[in-house]
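Sequence and predicted structure below; questions after.
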Amino acid sequence: MKALAIAAVNTRRFLRERANVFFVFIFPLMIVLLIGVAFGGAGDSRVGVFVEDEGGPQSTELVAALDAVADLKTVAYDDRPAMTDAVQRGELSGGLVIPGGYEEAVPGDSIIEFELVVRPDTTSQLLTETVRGVLTARAIPIRAARFVAGEGLATFDEALATAQLVAASGVGVSVETRTVGDSVLEELQSQGTFDLGAHQELVLFVFVTSLAGSAALIQTRQYGVSRRMLSTPAPIGSILVGETLGRFGVALVQGIYIMVGTLLAFGVAWGDPLGALALLVLFSLVGASMGILFGALFNNDQQAGGIGVLIGLGLAALGGAMVPIEIFPDTMATIAKATPHYWAIDGFAELVRHHGTIGDILPNLAVLATFAAVIMVIGGWRLRTVLTR
């Protein structure tokens, strides 16, 4: 009970500071949102379509061809300025303007010019090439039908229908592709827009928050609170357990908040709930143990906080919490296994991408438990030495 009382006091003390509340609960979701919007690989690109006149069969077929493109969805607009504003606000990836007289120009011999409204970013380049490819594919049977109709061999509509059937039959050059090795990029692209960023940021923030919490332990020693606790009947073991549980509680609450928050706000998949919770519990224990170790090693709270955050960010980058571990060179991927971050992120990848269960991540859990046990023993020994000397 004494250990739980100490843990509760440490938790309340940490959450009492408004800056801690921001960095523990608000900032992580903001980062997940920004990373998902900027680098999310999944989700449909929304393209607005504005027809300058009443349209017709050709316009309808063109829109259907755009809709047939994977990860692309069209949105009809009756007002061009509204479509342009939607592109500027980021509601649309781009907007296609189908010129007036398009229906009459298709059977003729005039050049048809389309306008694509995009933002000046990297996404617009890919969208431009995609739309250009659709327009080119539509233009090939139209040119063939124009030629046949010009020679008087058939009407334009008859020739166009035949040309479209030939194009749809796939007659021409075929290219066979074969993927060598693991299709890692396909696995990453199959995830939701916010999934990968959420998994990485969970690991990053839980660990960094735990290390930053070491400053409170140093302040406890500096203000003489530790000496007063030692003067009570509370055994040293209860004090050590209480300090560890306090940091573990903050890390666990933060992790659960990120999981639930990203699930409800962004639809992030976490896989098997039992497996995800087991990963979070053990990784939170690793972070709490590191916080105790840092709090026992340093005598200055500012020094511990600064170095702790620096080391936390460095280990996160090395362990794949900033860049997907799948794109690491072989040497760096091997080195990353020396960090607990790697095993936590790899465990989430197994649960989400391969639909694994807690049984499939037992090796990851065993490694995290080993990390926690070793660091906890070293940190507890060091803290006992510091408190009793």
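Looks like it arrived, so ask away. Numbers count the residues shown, from 1 in each chain.

Which parts of the stretch 1-150 of the chain are helices?
Secondary structure of the stretch 1-150 of the chain, counting by DSSP state H, counting those that start in this stretch: helices at 2-16, 18-21, 27-39, 57-67, 80-88, 102-105, 122-150.

which one of the ones you listed lies closest to residue 239?
In terms of C-beta to C-beta, the element of the helices of the stretch 1-150 of the chain nearest to residue 239 is helix 2-16, at 6.3 Å. Every residue, glycine included, has its C-beta placed from N, CA and C.

Which element, helix or strand, includes the residue nearest to residue 347 when sequence neighbours are not counted?
Leaving aside its sequence neighbours, residue 347 sits nearest to residue 364 (C-beta to C-beta, 6 or more residues apart in numbering; 3.8 Å). Under the criterion of DSSP states H and E, residue 364 resides in helix 362-388.

I'd like the mean pLDDT over that helix, please.
Averaged over helix 362-388, pLDDT sits at 91.

Low-confidence regions, the stretch 201-350 of the chain specifically.
230-231, 233-234 (pLDDT under 70).

where along it do the helices fall?
Using DSSP H, counting those that start in this stretch, helices in the stretch 201-350 of the chain cover 214-222, 225-230, 236-266, 273-297, 301-318, 330-336, 340-353.

quick one: which of the helices of the stretch 1-150 of the chain is nearest residue 251?
Comparing the helices of the stretch 1-150 of the chain by C-beta to C-beta, helix 2-16 comes nearest, at 10.4 Å.

So which elements touch the closest one?
helix 214-222, helix 236-266 (3 or more C-beta pairs under 8 Å, 6 or more residues apart in numbering; DSSP states H and E).

Out of those, the one nearest residue 163 is which?
Using C-beta to C-beta, the nearest of the helices and strands packed on helix 2-16 to residue 163 is helix 236-266, at 44.9 Å.

Can you give the domain ranges for the protein?
As given by automatic domain parsing, the domain ranges for the chain are 2-39+190-388, 45-174.

quick revisit: to residue 126, which of the helices of the stretch 201-350 of the chain lies closest?
Using C-beta to C-beta, the helices of the stretch 201-350 of the chain put helix 236-266 closest to residue 126, at 22.7 Å.

The residue lying farthest from the centre of the chain in helix, strand or coil?
Largest separation from the mean C-alpha position in the chain: residue 152, at 57.8 Å (C-alpha atoms, centre = their mean). Here residue 152 takes the coil state, with states given by DSSP: H, G, I helix; E, B strand; the rest coil.

and it, backbone torsions?
Phi and psi for residue 152, reported as degrees, to the nearest 10, are phi 80, psi 20.

Show the contacting residues for it.
Shown in contact with residue 152 (C-beta atoms under 8 Å, 6 or more residues apart in numbering): no residues.

what's the spacing between it and residue 306?
83 Å (C-beta to C-beta, to the nearest Å).

burial count for the spatially closest residue to residue 205 that is not a sequence neighbour?
Among residues not flanking residue 205 along the chain, residue 28 sits closest, at 4.6 Å (C-beta to C-beta, 6+ apart). Neighbour count for residue 28, taken as other C-beta atoms under 10 Å: 24.

correct me, but residue 28 touches residue 255?
No. At 9.6 Å, residue 28 does not count as touching residue 255 under the criterion of C-beta atoms under 8 Å.

Touching both of these two, which residues are there?
Common neighbours of residue 28 and residue 255 (C-beta under 8 Å, 6+ apart) are residue 202.

ok so, going back, now do the contacts for the residue nearest to residue 347.
279, 343-344, 346-347, 350.

burial measure for residue 169, as a count.
8.

To clarify, my last question referred to residue 62.
Residue 62 has 22 nearby residues by other C-beta under 10 Å.

and it, how far is that from residue 158?
Taking C-beta to C-beta, one finds residue 62 at 20 Å from residue 158.

now stretch 206-225, how far from the centre of its chain.
Computed by C-alpha atoms, centre = their mean, to the nearest Å, the separation of stretch 206-225 from the middle of its chain amounts to 30 Å.

what's near enough to touch residue 137?
Contacts of residue 137 by C-beta under 8 Å, 6+ apart are 65, 167.

hmm, back to that, for residue 32, which of the helices and strands packed on helix 2-16 is the nearest?
helix 236-266 (5.7 Å).

Now that closest one: buried residues?
With burial defined by 16 or more other C-beta atoms under 10 Å, the residues of helix 236-266 counted as buried are 238-255, 258-259, 261-262, 266.

which residue packs closest to the residue nearest the centre of the chain, ignoring adjacent ones?
Centroid check for the chain by C-alpha atoms, centre = their mean gives residue 197 as the closest residue, at 2.2 Å. Distances taken as C-beta to C-beta, 6+ apart place residue 35 nearest to residue 197, at 3.6 Å, with adjacent residues excluded.

same question, residue 36
residue 194 (3.6 Å).

Report the separation between the one you found and residue 344.
In terms of C-beta to C-beta, residue 194 sits 18 Å off from residue 344.

Counting neighbours around each, name which of those two comes out higher.
A direct count of neighbours by other C-beta under 10 Å for residue 194 and residue 344 places residue 344 higher, at 31 against 26.
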